[in-house]
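Engineer: heads up, no residue letters with this:
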């Protein structure tokens with residue numbers, strides 16, 4: 001991609017955000033584990049900038065066993081203390097505990113024959129939605145948020161869920177002039 005091509009304006013905040021925009025943000029994700037990982041990272045982002053999470057993402061992956069839900073689901077008190085001592089990640093007890101619980105819920109869904117990717121995409125019949133631009137939450141993100149909370153997930157409010165929907169391509173919120181706008185519609 002040429003540096004001269006038009007991108008969403010937020011992607012011009014530096015090389016890390018530009019790379020994330022160009023190679024990942026808004027591309028429809030179908031892998032259940034990756035969808036779950038991104039939802040958990042969006043929860044860690046609450047109150048922070050996404051740039052911080054991107055800079056720490058490799059450390060998060062290392063600290064959380066590659067975001068393998070089977071491994072994370074069995075974390076206990078020693079693991080929580082280990083994570084709280086890890087300066088490479090966001091050290092928030094409630095968010096760490098929410099990630100462990102999120103792994104348990106992911107595994108429960110899988111054990112009950114409910115694929116997390118199918119669950120996520122069921123809200124749009126498997127097709128990315130066209131965003132309206134500049135939204136921070138929608139009726140759909142509120143509905144998904146409520147269902148995730150009902151299942152026991154934490155840090156999944158409508159704003160976090162909408163940011164996650166954008167990140168994983170459930171909604172295409174690229175600027176219509178952005179080179180990724182048309183590319184991300186399946």
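Structural biologist: Sure thing, it's come through. Because the structure is predicted, anything quoted here is derived from the model rather than measured.
Engineer: please enumerate the helices of the protein.
Structural biologist: The residue ranges that make up the helices of the chain, judged by DSSP state H, are 15-23, 32-45, 50-63, 69-72, 77-84, 93-111, 116-122, 139-151, 158-167, 180-183.
Engineer: make TSV from those helices and add mean pLDDT, distance to residue 131 and mean neighbour count to it.
Structural biologist: No exception for glycine: its C-beta is placed from N, CA and C like everyone else's. Formatted as TSV, the entries for the helices of the chain read as follows, by pLDDT from 0 to 100; distance: least, C-beta to C-beta, whole Å; neighbours: other C-beta atoms under 10 Å:
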stretch	mean pLDDT	distance to residue 131	mean neighbour count
helix 15-23	94	15	15
helix 32-45	98	16	22
helix 50-63	97	17	16
helix 69-72	98	28	19
helix 77-84	98	34	13
helix 93-111	98	25	19
helix 116-122	98	16	17
helix 139-151	98	11	16
helix 158-167	97	7	22
helix 180-183	79	10	16
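Engineer: dump these into CSV; add distance to residue 129 as well.
Structural biologist: Conversion of the helices of the chain to CSV gives the following (distance: least, C-beta to C-beta, whole Å):
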stretch, distance to residue 129
helix 15-23, 19
helix 32-45, 16
helix 50-63, 21
helix 69-72, 26
helix 77-84, 34
helix 93-111, 23
helix 116-122, 11
helix 139-151, 7
helix 158-167, 8
helix 180-183, 13
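Engineer: how about the ones you listed, which one is nearest residue 8?
Structural biologist: When the helices of the chain are compared by C-beta to C-beta, helix 15-23 sits nearest residue 8, at 6.2 Å.
Engineer: how about residue 181: what's its closest non-neighbour residue?
Structural biologist: residue 174 (4.1 Å; C-beta to C-beta, 6 or more residues apart in numbering).
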